[in-house]
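**Student:** No sequence on hand, only this structure:
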Ligand SMILES: Nc1ncnc2c1ncn2[C@@H]1O[C@H](COP(=O)(O)OP(=O)(O)OP(=O)(O)O)[C@@H](O)[C@H]1O
């Protein structure tokens, strides 16, 4: 039985609840902002006249009396054959918006003896999500032949999908490796393809996004060869500039539906900053209390108040620790309470997931600490509050997590607890950066030749490429094709470009990896492959001695063999985390664009980066205190990629009164903090990008600070930094100035991956340098 939350009965309780949490003695100053987002009333419409009656009846039977306006707008557009992207909030019924035209097309396209007419392909970034869709479609009870097609499908299931299914649920990997290369066998399915649904499309970003964009273009090309021109419906709870991102993803114009007309209760979002702890970090810097410890306290308080709460914690170990600490704290209040809290990780069996969902719904469980694995694949509704131990990386992800609370018209509370790094600190002290603006654009670059090349090969193997195909693959396609032909991978004949190799061309592109063979993580004891790490990040995350968190589970790397591309790992429970440090050199290959800024110059272009991981730090967990550093013996690597860089001429520095001896520390500190903040403007992780700063760079002859994409050919992040440079570097300067420390700390200018032990760093110098760059008068 569903238990009504007592909070539903008490309007505006959420704001008061936050006030009570913040008023606990000793917590002064931790609540940095409270934002109340007003209630929203639903706007509904009639069912579209074209919708099949039995499909409408199936939705009505499931409790949907009338569709919301945004659902009808999107469904109408799709039905009329327009590509559409639906960018409305979590639980805004996006599934109905595409299922209505899709199921209608299938039902009305059937032949007289039930033969397959129209077909639909649904693409999700994970298998779990496709399984959830399968369950959702099944619960409609309609006569539609639906199945999943993924790595777990057996031979019979695959054959049935190909020959009989009308609605196939898959992922980009299967499309790339199985469905497209074997298109001849799928010709009847592809030739009838009417809709392609791209769900959770904000997942396709960075290098992965670029890969998926080419997989979708290959799909469009092959469908056209079989006479089909499917309509794409893309969906995402939160994606900025949706029509731009969707256009880049499928290579065609897309209509955006963005106004959410589903009902919503009041949402309170609190920003919370843990205090400085008594410990100290590198170079004696002050450090803040760990976000997970603070989250455990808040979880205990909320559970004690009967508030159904979900806490998102980065690692499984962290989630377990938060649940355990909260339970211990609750035991001091009331011995019956600890049983109300549990932890949850990814990888549970469906029955285990359902049991937890049920316990939360039924009120046997009030608090759950979970890893982000929960974000996709478990349906927990009826929560009152969500705690986030650390910013989940993007504003889009933050709203998605907050959206877990208060589904439907219930009121909801979200609390973001800052981690001790520049981005989190900036956000909790600059709420306008989080609240007053749209979510970040999904950044990726389909023109990256390292990504495009293998897909052109795959496309040529699927069907020879012709001149007419080239516009679909973007402005760089011709050059890349010529290079592939010259390298002997493709052969030009009168009828087009052919793949003449015996290998499978699709094997050239590993769409989840970012260049080079990925390193396999192998469990030493069993030989089981637990996962893979991109070649680019293996040195930094899978070196000997690294503590590696994979899907929330903690592992220790016992050895890394770069020749064999294998890291041997074992399950472990160390009380520390690790972070690698690397040293980097950079040379400019070509400047593509530049802007002049008050005597300074901001550039974007191609660079060669050589870098070497030299050691790793061990940090006690929880807490984050540095407990040791160990050297590593790894080879230097080089990378041709894209960078944004800025230079300040000597006379400008002199006029601003910046002393020569302060320049290296000032540039270094500005670089660190800007890397920490770029994820606010580009949908990247601080580990996707790197930086180099120098008081005198040989290629520019001036003080230069570079921020580069850590992926071969670039991933679009540096370019985004160039386009948003003024906002980005202003935020960087503000973050440095606003930080309460004296000489620099992890919240502003110290970086966990610095190869120079965070030396030298000059906090006031960095602020002055950025002032000069941004054209502010010197003090
Ligand atoms: N017009 C409607 N009126 C009432 N309920 C609806 C309506 N449309 C959808 N729902 C219900 O809202 C819930 C959320 O729908 P759905 O899961 O499709 O949302 P979503 O936007 O895909 O969510 P998520 O962002 O979690 O993927 C479902 O229980 C669905 O049945």
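**Tutor:** In hand now; what should we look at? Worth saying up front: this structure is predicted, and the values here are computed from it rather than measured.
**Student:** In which helix or strand does the closest residue to the ligand within the stretch 201-350 of the chain reside?
**Tutor:** As assessed by CB to the nearest ligand atom, the ligand sits closest to residue 237 within the stretch 201-350 of the chain, at 4.3 Å. Glycine gets a C-beta too; all of them are placed from N, C-alpha and C. Counting by DSSP states H and E, there is no helix or strand that carries residue 237.
**Student:** Could you tell me how far the residue of the stretch 651-779 of the chain found nearest the ligand is located from residue 202?
**Tutor:** Of all residues in the stretch 651-779 of the chain, residue 683 sits closest to the ligand, with a separation of 17.7 Å (CB to the nearest ligand atom). Look at residue 683 and residue 202: by CB to CB, to the nearest Å, they are 8 Å apart.
**Student:** Check residue 423 too.
**Tutor:** 18 Å.
**Student:** Would you confirm that residue 157 contacts residue 147?
**Tutor:** Yes - shown here, residue 157 and residue 147 form a contact pair, counting by CB atoms under 8 Å, at 6.3 Å.
**Student:** the more surrounded of the two?
**Tutor:** residue 147 (19 against 15; other CB atoms under 10 Å).
**Student:** Just give me how far the host helix or strand of that one sits from the chain centre.
**Tutor:** Assigned by DSSP H and E, residue 147 belongs to strand 146-148. Computed by CA atoms, centre = their mean, to the nearest Å, the chain-centroid distance of strand 146-148 equals 27 Å.
**Student:** Ok, stretch 478-490 next?
**Tutor:** 33 Å.
**Student:** Just to confirm, what confidence does the model report for the residue in the chain that the ligand sits nearest to?
**Tutor:** Per CB to the nearest ligand atom, residue 93 is where the chain lies closest to the ligand, at 2.8 Å. Note on residue 93: pLDDT of 92.
**Student:** Can you name the residues of the protein that neighbour the ligand?
**Tutor:** 62, 64, 67-68, 71, 90-96, 237 (CB under 6 Å from any ligand atom).
**Student:** of all those, which two lie farthest apart?
**Tutor:** Taking every pair in these and measuring CB to CB, the maximum separation is 20.6 Å, between 62 and 237.
**Student:** More neighbours: which of the two?
**Tutor:** Just comparing residue 62 and residue 237: by other CB under 10 Å the higher neighbour count belongs to residue 237, 21 against 12.
**Student:** Isn't that one up against residue 400?
**Tutor:** Yes - using CB under 8 Å, residue 237 is in contact with residue 400, at 5.1 Å.
**Student:** what is in contact with these two at once?
**Tutor:** residue 90 (CB atoms under 8 Å, 6 or more residues apart in numbering).
**Student:** so who does the residue of the chain closest to the ligand touch?
**Tutor:** 64, 67, 68, 71, 262.
**Student:** Please apply the same query to residue 421.
**Tutor:** 676, 686, 746, 747, 752.
**Student:** Including distance to residue 523 and neighbour count, could the residues you listed go into CSV?
**Tutor:** Below are the contacts of residue 421 laid out as CSV (distance: CB to CB, whole Å; neighbours: other CB atoms under 10 Å):
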residue, distance to residue 523, neighbour count
676, 34, 27
686, 29, 21
746, 33, 26
747, 37, 31
752, 27, 23
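**Student:** Could you identify the most distant pair in those?
**Tutor:** Pairwise across the contacts of residue 421, and taking CB to CB, the largest span is found between 686 and 747, at 13.5 Å.
**Student:** could you point out which element follows the helix-or-strand element of the chain with minimal mean pLDDT?
**Tutor:** Within the chain, no helix or strand scores below helix 350-362, which has a mean of 76 by mean pLDDT, DSSP states H and E. As assigned by DSSP H and E, the chain's next helix or strand after helix 350-362 is strand 367-370.
**Student:** got the contact list for that next one?
**Tutor:** 295-296, 299-300, 302-303, 308-313, 319-320, 322-323, 326, 340-345, 356, 360, 380.
**Student:** that older thread, just the ones of the residues of the chain next to the ligand in helices?
**Tutor:** 71, 94, 95, 96 (DSSP state H).
**Student:** burial count for the first one?
**Tutor:** A total of 30 residues lie near residue 71 under the criterion other CB under 10 Å.
**Student:** excluding its backbone neighbours, what's nearest it?
**Tutor:** In space, and not counting its chain neighbours, residue 71 is closest to residue 97: 4.3 Å by CB to CB, 6 or more residues apart in numbering.
**Student:** Hmm, residue 235 and that neighbour touching each other?
**Tutor:** Yes - between residue 97 and residue 235 there is a contact at 7.5 Å, judged by CB under 8 Å.
**Student:** rewinding a little: in contact with the residue of the stretch 201-350 of the chain closest to the ligand: list those residues for me.
**Tutor:** 87, 88, 89, 90, 92, 94, 200, 202, 396, 399, 400, 403.
**Student:** run the last query once more with 7 Å
**Tutor:** 89, 90, 399, 400, 403 (CB atoms under 7 Å, 6 or more residues apart in numbering).
**Student:** How about residue 302?
**Tutor:** Per CB under 7 Å, 6+ apart, neighbours of residue 302: 309, 367, 385.
**Student:** Over to it. Which of the three states is it?
**Tutor:** Assigned with DSSP: H, G, I helix; E, B strand; the rest coil, residue 302 falls in the helix class.
**Student:** average pLDDT across the helix or strand harbouring residue 588?
**Tutor:** Secondary structure assignment for residue 588, by DSSP H and E: strand 576-597. Regarding strand 576-597, the rounded mean pLDDT is 91.
**Student:** what phi and what psi does the backbone show at residue 109?
**Tutor:** Main-chain dihedrals, residue 109, degrees, to the nearest 10: phi -90, psi -10.
**Student:** Residue 647 is in contact with residue 602, correct?
**Tutor:** No - Residue 602 is beyond contact range of residue 647, at 8.3 Å (criterion: CB atoms under 7 Å).
**Student:** and the two? which has more neighbours close in?
**Tutor:** Ranked by neighbour count (other CB under 10 Å), residue 602 and residue 647 place residue 647 first, with 22 against 19.
**Student:** Just grab the bridge partners of the more buried one for me.
**Tutor:** Beta-bridge partners recorded for residue 647 (DSSP bridges): residue 601, residue 704.
**Student:** Would you mind measuring from the residue most central in space within the chain to residue 303?
**Tutor:** In the chain, the residue lying closest to the centroid (CA atoms, centre = their mean) is residue 203, at 5.7 Å. In this view, residue 203 and residue 303 are 32 Å apart by CB to CB.
**Student:** Go through the ones in helices among the residues of the chain next to the ligand and say which is closest to residue 209.
**Tutor:** residue 94 (19.5 Å).
**Student:** ok, now which ones touch that closest one?
**Tutor:** 86, 88, 235.
**Student:** Would you check the distance separating stretch 536-552 from the middle of the chain?
**Tutor:** Worked out by CA atoms, centre = their mean, stretch 536-552 lies 18 Å from the chain centre.
**Student:** go on, stretch 55-67?
**Tutor:** So, by CA atoms, centre = their mean, the centroid of stretch 55-67 is 33 Å from its chain's centroid.
**Student:** Which residues does that stretch contact?
**Tutor:** Under CB under 7 Å, 6+ apart, the answer for stretch 55-67 is 44, 45, 47, 96, 100, 103, 104, 107, 139, 140, 141, 142.
**Student:** Which positions in that stretch come out as buried?
**Tutor:** 55, 56, 58, 59, 64, 67 (16 or more other CB atoms under 10 Å).
**Student:** Going by secondary structure, the first one is in what exactly?
**Tutor:** Yep, that's residue 55 we're talking about. helix 53-61.
**Student:** same deal with residue 207?
**Tutor:** Per DSSP H and E: helix 206-225 holds residue 207.
**Student:** What of residue 645?
**Tutor:** Going by DSSP H and E, residue 645 is in strand 637-648.
**Student:** mean confidence score for that strand?
**Tutor:** 93.
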